[in-house]
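[1] no sequence on this one, just coordinates:
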């Protein structure tokens, strides 16, 4: 604490200056999806590199086929951990502009309710405000001690909001330079305004489009109904067979690599107080439809699923047409957990479907992406240190949560750099990311800086 306390004091004293720096980068219209803003994206990258240089980082803007990356390095004490911090400086488009209360690129501080102030503007939460919390923590460490507590590399991307087309080639080409002991990713949420969280798992994904073909043309259902194979019925049978009465997936080998979540982790999730009723009520539902005997949080964070995302075939226009379609198709997605192998899941599903198609019919498959799940070790010393640091700052125990979705960069870090990621963020569910009137709580920005300072101290001690 002797080294940490003056850093925390410095962050508090410099809050106004750190806000002005954040406002400067928020004013830059770094919309990556629109080519008209390419110059602005480069401007944001150049501003970040220049700012990191003022802290003593060896920072540079690296060209890619798309928008540039920012890479920066700073040495740490001998034997200290090496961490890579990732964030993205690009933002979503602002349309529809008429729904914004203010200019999305004129950031401001507003009081939304007594005692609650927020930073407004596109990118305030996703992800400029988040990434600047870590930059400011490093700035304060350097100002107070003349050095950083560990070796740090920054990687700022400019295409996260447009699919990251340049990221994988960049990681592969620069793997030796970017490898670290682990990555820090600040693109996630707190559990609520008072409770910090660490995301310890991300589900993987397998996407498949399946097409069943029967007759050579659409048929009159009165003339051919009965003798002729109906691809909609065949497809419906395939989809219906995927789940049993208890909500489990019946594809052979589907649960290979799926581990049971430790009892103490399940207990911590239960203590969050989220029930099936409270989770489903806002979307107009009340009865859980997944695996029986599993809580909502466990189903989303630690169990695999098979879902049907779209189905088509036959006549779907207005009115009625008595037709037997020549083909029918469905889009199916599998969310994966733990050690499930995306390639094996894809192969098992295809065999499962093929076994249910008559010999005189055909089936086609079209893949739509695949990535493994990410699961941090619950007893990792880095995870333990970060949890203790967050708990000290927020005065409420940090909770370990999962994510039902995927954050591709985390898988890319594992694949190309061979390292795990620690996901800590200070965004809130009402930040309106990707929507008009985006905001970031001033408290999240201030305490986020202090949290990273504490985490750096804790990780250095654990290292």
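    Noted; the coordinates are in hand. Quantities reported herein were computed from a predicted structural model and do not represent experimental measurements.
[2] drop to CA atoms for contacts and neighbour counts, all remaining ones
    Noted.
[3] Return the residues in contact with the most centrally placed residue in the chain.
    Here the mean C-alpha position of the chain is nearest to the C-alpha of residue 407 (CA atoms, centre = their mean), at a distance of 3.3 Å. Contact analysis of residue 407 by CA atoms under 8 Å, 6 or more residues apart in numbering lists residue 202.
[4] do the same with residue 329
    Residue 329 neighbours (CA under 8 Å, 6+ apart): 209-212, 232, 235, 311-313.
[5] do residue 238 as well
    352-353, 356.
[6] Please indicate which of those residues are buried?
    352-353 (16 or more other CA atoms under 10 Å).
[7] lowest average confidence, helix or strand, in this structure?
    Across the helices and strands of the chain, mean pLDDT, DSSP states H and E gives its lowest value to strand 374-375, namely a mean of 85.
[8] Contacts for the following helix or strand past it, please.
    Sequence order places helix 381-394 as the next helix or strand after strand 374-375, per DSSP states H and E. Contacts with helix 381-394, where a contact means CA under 8 Å, 6+ apart, come from 194-196, 198, 397-399, 422, 447, 450-451, 454-455, 458-459, 462-463.
[9] Filter those residues down to the ones in helices?
    447, 450-451, 454-455, 458-459, 462 (DSSP state H).
[10] Which residue is the nearest non-sequential neighbour of residue 376?
    The shortest distance from residue 376 to any non-neighbouring residue, by CA to CA, 6 or more residues apart in numbering, is to residue 200 (5.3 Å).
[11] returning to what we had before: so which of the contacts of residue 238 comes closest to residue 36?
    residue 353 (45.5 Å; CA to CA).
[12] residues contacting the closest one?
    Per CA under 8 Å, 6+ apart, neighbours of residue 353: residue 238.
[13] part of a helix, is it?
    Yes - judged by DSSP: H, G, I helix; E, B strand; the rest coil, residue 353 forms part of a helix.
[14] What score does it have for pLDDT?
    pLDDT for residue 353: 98.
[15] now do the one 4 residues further on
    Residue 357 is assigned a predicted lDDT (pLDDT) of 97.
[16] now the residue nearest to residue 376: how far from residue 390?
    15 Å (CA to CA, to the nearest Å).
[17] okay, these two: which has more neighbours?
    residue 390 (27 against 21; other CA atoms under 10 Å).
[18] Number of residues surrounding residue 159?
    If we define neighbours as other CA under 10 Å, then residue 159 has 24 of them.
[19] what does residue 61 give?
    18.
[20] Assumed it was part of a strand.
    Yes - read with three-state DSSP, residue 61 is one of the residues of a strand.
[21] Just grab the bridge partners of it for me.
    Per DSSP bridges, the residues bridged to residue 61 are residue 70.
[22] all strands of the stretch 201-350 of the chain, in order?
    204-213, 219-220, 305-313, 323-324, 327-336 (DSSP state E, counting those that start in this stretch).
[23] Need those in TSV (columns: distance to residue 66 and mean pLDDT).
    Compiled in TSV, the strands of the stretch 201-350 of the chain are given as follows (distance: least, CA to CA, whole Å; pLDDT from 0 to 100):
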stretch	distance to residue 66	mean pLDDT
strand 204-213	26	95
strand 219-220	49	94
strand 305-313	31	96
strand 323-324	47	94
strand 327-336	29	96
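[24] before we move on, the earlier item: now the contacts of residue 238 as TSV including distance to residue 257?
    As requested, those are exported to TSV (distance: CA to CA, whole Å):
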residue	distance to residue 257
352	19
353	22
356	26
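[25] Which of the contacts of residue 329 ranks first by neighbour count?
    Ranking these using other CA under 10 Å puts residue 235 first, with 26 neighbours.
[26] From residue 177, how far off is that residue?
    49 Å.
[27] Which of the three states applies to the closest residue to residue 438 other than its chain neighbours?
    Once flanking residues are discounted, residue 438 sits nearest to residue 432: 4.7 Å by CA to CA, 6+ apart. Following three-state DSSP, the label given to residue 432 is coil.
[28] how near is residue 432 to residue 118?
    12 Å.
[29] Which neighbours do these two have in common?
    residue 439.
[30] Looking at those two, which has the bigger crowd around it?
    residue 118 (21 against 17).
[31] I'd guess the more buried one is in a strand, am I close?
    Yes - Residue 118: assigned to a strand according to three-state DSSP.
[32] shouldn't it be in contact with residue 124?
    No - counting by CA atoms under 8 Å, residue 118 does not reach residue 124; the two are 9.4 Å apart.
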